[in-house]
Structure formats: structure tokens, C-alpha cells
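Asker: with the sequence up front, the predicted model follows.
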Amino acid sequence: MALTGLDIFKLTPKTNCKDCGNPTCMAFAMKVAQGAIPIDKCPHISDEVKAKLDEATAPPMKTIKIGTGENEHSLGGETVLYRHDKTFVSKTLYSVAVSDAYSDEQNEKAFADIANIDYERIGERMRVEAVFVDYVSDGTKFLDLVKKANDMGRTLIINCADADLAAKALEIAAAGKPVLSGANASNFEAMNALAVKHGLVLGVTGKDLAELHDTVEKLEKAGNKNLILDVTMANIKDTFAATVQVRRAAIKDGDRSFGYPSIVNAARLAAGDRHMQTALASLFTLRYGSVVVLEGMSYADALPLFGLRQNIFTNPQKPMKVEPGIYPLNGADENSVCLITVDFALTYFVVSGEVERSGVPVNLLITDAGGYSVLTAWAAGKLSASSIAKFFQEADIENKIKSRTLVIPGKVAVLKGEIEDKLPGWKIIPSPPEAIQLVKFLREFNA
Amino acid sequence: MAFVQKPQVYKSAINTVELGAGDRKIALGGATVYPLYSFDAPIENAPKIGVEISDLGLEGAPKAMLDYYGDCKTIAEVAKKAAAMPGADFVCLRFDGAEPGEGERTVEDCVKIAKEVAAAIDIPLVIAGCKNSQKDAQIFEKVAEALTGRNVLFLSAKEENHKTVGASVGLAYSQKVGAESSVDINLAKQLNVLLTQLGVAKENIIMNLGSAAAGYGFEYVASTIERVKLAALAQGDAMLQMPVVTPVASETWSVKEALISEDDMPEWGNQEQRGIQMEIVTAAACLAAGSDAVILKHPASVATISAMVAALM
Ligand code: SF4
């Protein structure tokens, strides 16, 4: 629970000695409450009180780091239940499972999938971030899979409740800072020792939420707060209930023992059913899965899932922007007609989608309009004849494109005359006002 | 401290709205917990799944879908088969062919088709227009008249045509009015206020808050649905307590992930699977955000999403 300035003030010596650089203890307390300065700026507060305060002012959900180098990922650290309140900070990671219980063929396919998915979408590299190596019964095969997975250059999640075998797996893979998962009510001491020894995040499971909570408390008491909770239960219903309740307990009720990121194993919940796994990945991307484990990843799974994730983990206050520039669509070349619009991502998606639907080759020009929609940008003076002329110069349009026909958004058709003045030699044509009418417009235009 | 479950049951409820008539009618809404949160309290009316069919028939449909519909020739046969699709709760007939322009379908023709479809199925029917507000208002009025008593939902009344649609569909023929706004909680509320001022009962209104495919500005859809549900449940806003229906198929099958052929994009693999997964991901996300019903078209998506809903209840 957040402490108020007054709560913190009560814990200061109230001497107003100014050693912290503040005129009074009260002023100091107010700033600490806002998170503007750390509590240790006051040299006169006892360590005991500091620890108490640290605990009380810590965020409701820990940020846990897994992996190393370019494969380092942050999980958790969320402060809200709904993205309209505040940006979700740590995107859901999609992980592909290999297991000693799977056929060699299935494991090979999984490795191939992981290597295969790699593309860019609006400035973000999309690929399978983690390999989930699952131990069921065949230790030799499992260690072999750990070796292979370790060579994939991704973060590993080693799921092995047998601490002795896990120790061997970590001899192979500990350097990449994998998650060691599989701690439960009966093995947590050995697993904890192993995770601490290698400085790894420990994954905890339980047969239900009460048991999971209990094990986490014991681990916390043993000094480990570098945890991730595998909330996968016996079935889809219980897993959804667990995932939502864990997050809600952490954020809404301030239950620190549930203030950790989660793993949802969709590969286990819907084994063999790739459609259902993808549905679950979507469900848990919206509802609090920090890592979702799948049996594989084809482009059919990846394209919608990564697109969804990119949408959900954006700042609700700041519109998503697309890089200004020339986007040739439907095989457009330098002679194809130009169509200009703003850099607001939603506008870009809608317009590019309709243009693609039309099948007509078009050079889509995206101009810098501060990430606003057409009408808002126009009203704010961020989309004008001069801003378009400036963009044409900066992007060197006249040298890159031979066509001299420019379609402008129908909503700002009034700009036609001014743009003609600023861009001599160009034929300016306003589009219909709604994007949905673009297909017909472009086809007729092209005919 | 041991973990104690704290079920979150709200004082307010989503309105219960019935669609269809007779034995096979269905109800949307009614819950006092967040959508899908059946662990907080039992949810009486699970989210529903509609199967979309078009007045243009099956032209251009993906292969497995064509296989499913087999040799259906008439729209009535297609409708019957859609209603029999495992997981289908209602059928949505969309008048794509009515869009103004060359060869557009006339209102009379639409009425004829709607009657054939209604006669072929006993599960509830939803009528979707062609997105031209004026034409939609004309179609809806005549179809609502022709299908009196069937308790049909019409998608949708928008700001531009809500007066005509509300007066005919909602008042004259007591059918269900879909109130469509575009991903903005204030506009959604405004339209509900206008429709109720017109005299349409709250229990006869369903909201379409806007839709987008996953990756195409879906965050606006998700956040609008979530904000509306919280306003309805936590703040008890009576003008936002109408159930939410989200058309999914009409968005997801027209994005490039579903449209580009495997020949043009070999590394993307099977085109039909891409369409199915785009539909599944978007539908699951709509339901997670809080939609009370989604409208899909591919049998594989309908099977998966209905199984997911069943598993969560
Ligand atoms: S240093 Fe500590 S005791 Fe001194 S004024 Fe600041 S808060 Fe008060």
C-alpha cells in the first residue's frame, strides 16, 4: 500500500535539521511519498525504519529480469489492472516448448519454428523470446534438449522439479541467466539453493493459489524475492482464475507475495490444439500472462499475436506513431500515384489496409504530424500545406518519385489550393473523406 | 499470511437482453462480475458466438469454409448450415451486396433474402447492413417489419441514422437496436442517451463499440470495452450497461495477414491458417476485454472460440 506523506513524516526524527536538503522533515516526507527522492537521503532515520519504509513504498509488483545481453527481458513491474489507467510496461513474452516427453520430430519442429520467426513490425523486432525446456521423465534427453535450446540464442526457461537434474542443466545453461522453474511445496529448499547459487530467477508452482502463496512466503522468508509464478493449474478455467486473482491481489490488495510476474503454460492446457493455444495466448496477453508457453509458432500464430501485443503494450496517453517516409504498397514504383496521410498509427493501419485491399500500386507517404489523426493534426497546425511541402523536401520525394499526382486526405480537401501553390507541378486530388471509400476510389482512379 | 480469495462482485449488472424467440432464444449480459470472471461468481449467460453469412454467398471464401458449406446453393441452405455449425449461438446475415453503386441490391431484395434466412433457421438472427448509413436505415426498416416477432438484432444504428433506425427497429417493430460508435466511450454513451430519449427501451439496445483486427489499433477497442464495462459495473452507469457485441470476421478477413496469398508471401505459409488465427486471436482478445458476443465466420474459429468460452465458464 502506498504511504502518505503524513505516514512517512511520523517516521522521521521531526528535528527539521535540513541535512537532507529540505527545509523541514514534513517537506522531505511529502517528496518521498511522491517518489521524488529516496528515503535514505535522511541520515537520521534508523535502518529498521528504512527497511519498513522500503517495503511499504516498494511497487506492488516486482520487475524481474531474465536472460542476458540482447536476450535480457523485463517482466512484471505493472502498477495497474487496465491499460487505460497507465501503460503496461512489460510485454508478454511468447515462449516455445520442447520436452523430453515430445517426439524428436516435435522438438525439431519447435526449434525450427523458433529460428524461423523473425521479422519487423513498426520498428519492433518480432521473434520467439524464450525457449521453455520441460522435464518430464527422460533426464538424458532433457539435458540434450537444454544443450540444443541453449544454442538458440534465446532466454531459457528450464522447467525441472528434480533439483539434481536441474543442477546438471544449469551447468550447461546458467551463463545465459535462464529462469529455473519447478519449485513447489516439497522441493523449494533445494531449488532455492540452486537458483541462489547461480543468481537466477526461480519459478514457483503450486497445486492451487493457497499452496502457491504459501511456498512463495517460505521462499521470501528464506530471502529470495527474485521469483516468477507459474500459475498454470489443472485446466483452462482454474488457470485463468489463478492468473487474474494473482495479479489482482498484487495490484489491488497489495499482496506482495503475489507481486511477481506469471508463466502460463498454454502448451500444457491445450496440448495438440494449436488453435486453442493461440486463443489462450491472446486471452493471457490481455489478462496478465507475463510469459505464455506454446507448442510451436508459425507465422499464422505470430502475425496476429505479435500485432496484438504491440497494440496492448502501448502508452494510452501517447498515440502510436509510424516513421515518416515513403511506403510503397502493392508493388508500387516511382511512377505510381502518391497518397499522403499522417503518422498516427491507427490512421496508417486503416489507410494502408484499404490501399492494400484495392490492389492498386500506391506510394503511401507518411508525414510527421505529431502522431495525431488527420483532423486533429490539421486543427493543431501539424498538418498544413507548409508541413507537407517541408516533408517533401526532407524526404526528397521529387527525386525519388516520378509520378506527380498526390492524393490528399478528403477531410482536409480545403488544403488543395495551398498545396498546389507549395508544390508546383503536382496534381493534387482529395480522396473521399472516409478510408472505407478508398478501395473504390483508387480502382476507379486507376482504371 | 495465507491467501484468501476476494471475489469481486459489483452492485450493478449488465442489462440482460434477449435475442430470438421460442425455444432457441438466447440472452446476453446479466452478470454482476467482470466478463469471463466466473471465479468471482457464476455467470448465467456465457458470451455468445455468431456465425456471419453474406448476401453475396460464399464467393471468395477460404477452402475449409467452402468444404464446410459443401454444395449449399441457396442463401437459405447456407443459413441452415451456418446455424448448425458447432458452437454457433446465432446467425448474422450481412448485406454486403446492398452497398450503393452499380448492381446494388434493392431493399425489396434484402427483405426477400432476410425472410428466406429467417425461415431456414430457428436460432436468433442478427442483420448487419452494408455500412452505408442511409441505405442501412432503409433496409433495417423493411426487414424489421417483415420479421416482426422474431426479435432480431440490427447492426447498427449510428449517430447519422439513429433516429430512423431507432424509430423503426426499436419502436415500431420492437426489435433489438445495435448502437454503433467508433471506439470512444463518450460517443457510445451519447448514442445510448439519444436512443433512449427517442423512447427505445434500455433492454432493447446492444452496443457495438467498434472493432479492429489484432495489430490494427486494437488497443482502442480493448480499452474502450474495458472502460465501458467498468463504468457499467463499478460506477453503475445505466447508459453503458447494455451488452456489447463485437463483429470480428468483417475486420479480420480483410487485413493483409489474411489476404496475401502464399504465392506472394511464401514465408508466411498457409493463407487460410493465417486468416483463422487472425480471427481467433482477435475474438479471444475481444472476449477477454469484455465483449458479450463476437461474430465470426470460419468453422475452425467458431469451434475454438466456443470451446474456449465453455472452458472458462
Ligand atoms: S535530514 Fe531527516 S531529520 Fe533532518 S530535516 Fe531531513 S528529514 Fe528531517
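Answerer: Arrived safely, thanks for sending. These figures come from a predicted structure and were not determined experimentally.
Asker: pLDDT weak spots in the stretch 51-200 of chain A?
Answerer: Filtered on pLDDT under 70, the stretch 51-200 of chain A yields the residue ranges A:57.
Asker: can you name the residue of it nearest to chain B?
Answerer: When distances are taken as C-beta to the nearest C-beta, the stretch 51-200 of chain A reaches nearest to chain B at A:H84, 4.4 Å away. C-beta coordinates here come from the backbone N, C-alpha and C atoms, glycine included.
Asker: ok now stretch A:184-193, how far from the chain's centre?
Answerer: Computed by C-alpha atoms, centre = their mean, to the nearest Å, the chain-centroid distance of stretch A:184-193 equals 30 Å.
Asker: what about it, how long is it end to end?
Answerer: 13 Å (C-alpha to C-alpha, to the nearest Å).
Asker: right, is it up against chain B?
Answerer: No: judged by C-beta under 8 Å from any C-beta of the partner chain, stretch A:184-193 stays clear of chain B, getting no closer than 13.3 Å.
Asker: can you list contacts of that stretch?
Answerer: Contacts to stretch A:184-193, defined as C-beta atoms under 8 Å, 6 or more residues apart in numbering or on different chains, come from residues A:161-163, A:166, A:180, A:182-183, A:202, A:204-207, A:211, A:214-215, A:218-219, A:222, A:224.
Asker: the residue of chain B found nearest chain A: what's it in contact with?
Answerer: Residue nearest to chain A within chain B (C-beta to the nearest C-beta): B:G215, separated by 2.0 Å. Shown in contact with B:G215 (C-beta under 8 Å, 6+ apart): A:121, A:303-304, A:306-308, A:310-311, A:349, B:255, B:257.
Asker: is it part of a helix or strand, or is it coil?
Answerer: coil (DSSP: H, G, I helix; E, B strand; the rest coil).
Asker: contact residues of the stretch 151-300 of chain B facing chain A?
Answerer: B:212-220, B:222-223, B:226-227, B:230, B:254-257, B:259, B:267-270, B:273-274, B:276-278, B:280-285, B:287-289, B:300.
Asker: what about the residue of the stretch 301-447 of chain A found nearest the ligand, which helix or strand?
Answerer: Going by C-beta to the nearest ligand atom, the ligand is nearest to A:Q317 of the stretch 301-447 of chain A, at 33.6 Å. Under DSSP states H and E, no helix or strand contains A:Q317.
Asker: do A:T341 as well
Answerer: strand A:337-342.
Asker: strands paired with that strand, and their directions?
Answerer: strand A:362-367 (parallel), strand A:405-408 (parallel) (DSSP bridges).
Asker: need the buried ones from the contacts of B:G215 selected in ChimeraX.
Answerer: Only the buried entries of the contacts of B:G215 go into this ChimeraX selection, using 16 or more other C-beta atoms under 10 Å in any protein chain shown:
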select /A:303,304,306,307,308,310,311,349 /B:255,257
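Asker: before we move on, back to that, could you give the number of residues near the closest residue to the residue of the stretch 301-447 of chain A closest to the ligand other than its chain neighbours?
Answerer: Leaving aside its chain neighbours, A:Q317 sits nearest to A:T87 (7.8 Å; criterion: C-beta to C-beta, 6 or more residues apart in numbering or on different chains). Here the count is done by other C-beta atoms under 10 Å in any protein chain shown, and A:T87 has 15 residues near it.
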